[in-house]
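Colleague: build the 3D model from these lines:
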Amino acid sequence: MMQPAAKCEPAMSFDPANCVRPELRQLQAYELDRSPCRFKLDQNEMPFDLPRPVKQRILAPLAARSWGTYPDFNSDHLRHVIGDSQGWPGEGVLLGNGSGELLALTVEAVTRVGQEVLGTVPSFSLYKLLALRTHAQPRFLPPRADLTMPMAELEREIELEPTRPLILCSPNNPTGEAVSVEALERLLERMAAPLLLDNAYDEFCDVDYRPLLARHRHLMIFRTLSKAWTMAAWRVGYVLADPALVTELIKVKLPYNLNFASELAAESALAASAAVQRRVRVVIGRRAQWQSMLEDLGFETFPSQTNFILARCPDRVSLDAVLEGLEAASIRVRDVSSYPGLAGCFRISVGNGVALRATRGALTEMLSSPSTFAASTVAASTVAPSTVAPSTVAPSTLVGAAR
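Modeller: Residues are numbered from 1 along each chain as shown. Below is the predicted model of the structure:
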């Protein structure tokens, strides 16, 4: 006998948000303060725009092309342009709407339901979301006391179960550290799963991981044109990987995921690589100036191979007072104090000379004010990183810098 249909919940009492999986509902959305400010130093953006001639080269062919026809499925021409520039076959290049899209696609493709995904903290907060949305379990190891990445601990973790994918950011956001080629290769030698290397800041770094691609077919290097190439508005990212792996990822990638305008803008920017590299060298030079300025004022800084610096407030200096004082001077930095081991810390992009002078002046004025000083020291509120358990699924506000 047919069972009677279940009584439907009245439409007015139905909450459609309950349709979303509970572990995802616990997350907080990626949020940023988008209000105007004079010096925007919170998203690791370049202090320069693309040269005007490069911009102008984009406009004419963009206007000439029909806007009613779809772009190429996989942006094959741009794949080969990037491959040639990186010394890697175009068949081993995959393009996306920022490298974040490609990381999400890859995690979904290579991770089994319920499987652990390895990583470290503090790092780009998006990684936990990528694991959770694909029904995986993030297992992220805590930092060492000096905030360096726990590479030896990762080796031991991999040896326990080598089939778990690993997401690693190097140079790391928000600490700025770049792991050595030798340390990365030791992980690869122990792994029987993909190693997803987020290499968004590679142009600012003196460590080149690309030679490992030919020796370790499970290495994937994710890069972006948003940082050094001043292309954040166009959202172009790419991954270098074994062509056989890219062939499989294309099967699950949405077609037309990169629009024609972004393809054209990327090709124009890549053709101006000499100008871009000159500007990168300027940022690297200024990075040392920013670091010296912060240290001269008593802030602790950490070695950086990126276009940003991680700084910790001096003892008894209130981070809230520093952030509020900088904001009052129309200088915006990123509060990263909620990350494991980063109490009292903020991250600041390497800006131009005007931004450097303005920041020095604002900080100097603040440090001369009694209201800037807290009653207790930063050290007293900092949990020793070695005592922090590996992170699993605890949700937190998503903070970082989009790829």
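
Colleague: show the contacting residues for residue 174.
Modeller: 122-123, 308, 310, 334, 336, 339, 342, 345, 347, 400 (Cβ atoms under 8 Å, 6 or more residues apart in numbering). In this view, the C-beta of every residue, glycine as well, is placed from N, C-alpha and C.

Colleague: would you map the strands across the stretch 101-250 of the chain?
Modeller: 116-120, 137-141, 166-169, 195-198, 219-224, 237-240 (DSSP state E, counting those that start in this stretch).

Colleague: now tabulate those strands in TSV and tack on mean pLDDT and mean neighbour count.
Modeller: Below are the strands of the stretch 101-250 of the chain laid out as TSV (pLDDT from 0 to 100; neighbours: other Cβ atoms under 10 Å):
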stretch	mean pLDDT	mean neighbour count
strand 116-120	97	24
strand 137-141	96	20
strand 166-169	98	24
strand 195-198	98	26
strand 219-224	98	25
strand 237-240	98	25
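
Colleague: give me the pLDDT for the closest residue to residue 148 other than its chain neighbours.
Modeller: Excluding the flanking residues, the one nearest residue 148 by Cβ to Cβ, 6 or more residues apart in numbering is residue 177, at 6.0 Å. Confidence at residue 177, expressed as pLDDT, is 97.

Colleague: what is the neighbour count of residue 177?
Modeller: Using other Cβ atoms under 10 Å, residue 177 has 21 neighbouring residues.

Colleague: quick check: it vs residue 75, distance?
Modeller: For residue 177, the distance to residue 75 equals 32 Å [Cβ to Cβ, to the nearest Å].

Colleague: then residue 68?
Modeller: Counting by Cβ to Cβ, the gap from residue 68 to residue 75 is 19 Å.

Colleague: between these two, tell me which one has more neighbours.
Modeller: residue 75 (26 against 5).

Colleague: so the more buried one is in contact with residue 265, correct?
Modeller: No - with contacts counted by Cβ atoms under 8 Å, residue 75 stays clear of residue 265, the gap being 12.0 Å.

Colleague: which intervals of this structure have sub-threshold pLDDT?
Modeller: Residues of the chain that meet the criterion pLDDT under 70 lie in 1-12, 374-403.

Colleague: show me where it has helices.
Modeller: 22-25, 52-64, 76-86, 99-110, 126-133, 151-160, 181-190, 211-215, 243-252, 260-271, 273-296, 319-328, 353-367, 378-381 (DSSP state H).

Colleague: list the helices and strands the fifth one packs on?
Modeller: Yep, that's helix 126-133 we're talking about. Where contact means 3 or more Cβ pairs under 8 Å, 6 or more residues apart in numbering; DSSP states H and E, helix 126-133 is packed against helix 22-25, helix 99-110, strand 116-120, strand 137-141, strand 166-169.

Colleague: how far away is residue 201 from residue 100?
Modeller: Counting by Cβ to Cβ, the gap from residue 201 to residue 100 is 14 Å.

Colleague: what residues are up against the closest residue to residue 168 other than its chain neighbours?
Modeller: Once flanking residues are discounted, residue 168 sits nearest to residue 197: 5.6 Å by Cβ to Cβ, 6+ apart. Residues in contact with residue 197 (Cβ under 8 Å, 6+ apart) are 168-170, 184, 209, 219-222.

Colleague: what about residue 197, distance to residue 102?
Modeller: Counting by Cβ to Cβ, the gap from residue 197 to residue 102 is 12 Å.

Colleague: identify the contacts common to those two.
Modeller: In contact with both residue 197 and residue 102: residue 222, using Cβ under 8 Å, 6+ apart.

Colleague: buried sites along stretch 292-311?
Modeller: Neighbour-count burial for stretch 292-311, counted by 16 or more other Cβ atoms under 10 Å, picks out 293-294, 297, 299, 301-302, 304-311.

Colleague: that one: end-to-end distance?
Modeller: 11 Å (Cα to Cα, to the nearest Å).

Colleague: just stretch 163-180 next, same as before
Modeller: With Cα to Cα, one end of stretch 163-180 sits 23 Å from the other.

Colleague: how far away from the center of its chain is it?
Modeller: 10 Å (Cα atoms, centre = their mean, to the nearest Å).

Colleague: show me what contacts the residue lying closest to residue 364 once chain neighbours are set aside?
Modeller: Spatially, and ignoring its direct neighbours in sequence, residue 364 is nearest to residue 297 (6.6 Å; Cβ to Cβ, 6+ apart). Contact partners of residue 297, counting by Cβ under 8 Å, 6+ apart, are 360, 363-364, 367.

Colleague: over to residue 188?
Modeller: Residue 188 touches 195, 212, 215-216, 218-219, counting by Cβ under 8 Å, 6+ apart.

Colleague: got TSV for the residues you listed, with distance to residue 151 too?
Modeller: Converted to TSV, the contacts of residue 188 look like this (distance: Cβ to Cβ, whole Å):
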residue	distance to residue 151
195	12
212	15
215	18
216	16
218	18
219	15
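
Colleague: can you pick out the most distant pair from those residues?
Modeller: Distance extremes for the contacts of residue 188: the farthest pair is 195 and 215 at 12.3 Å, using Cβ to Cβ.

Colleague: if I look at residue 91, how far off is residue 250?
Modeller: Relative to residue 250, and taking Cβ to Cβ, residue 91 is found at 10 Å.
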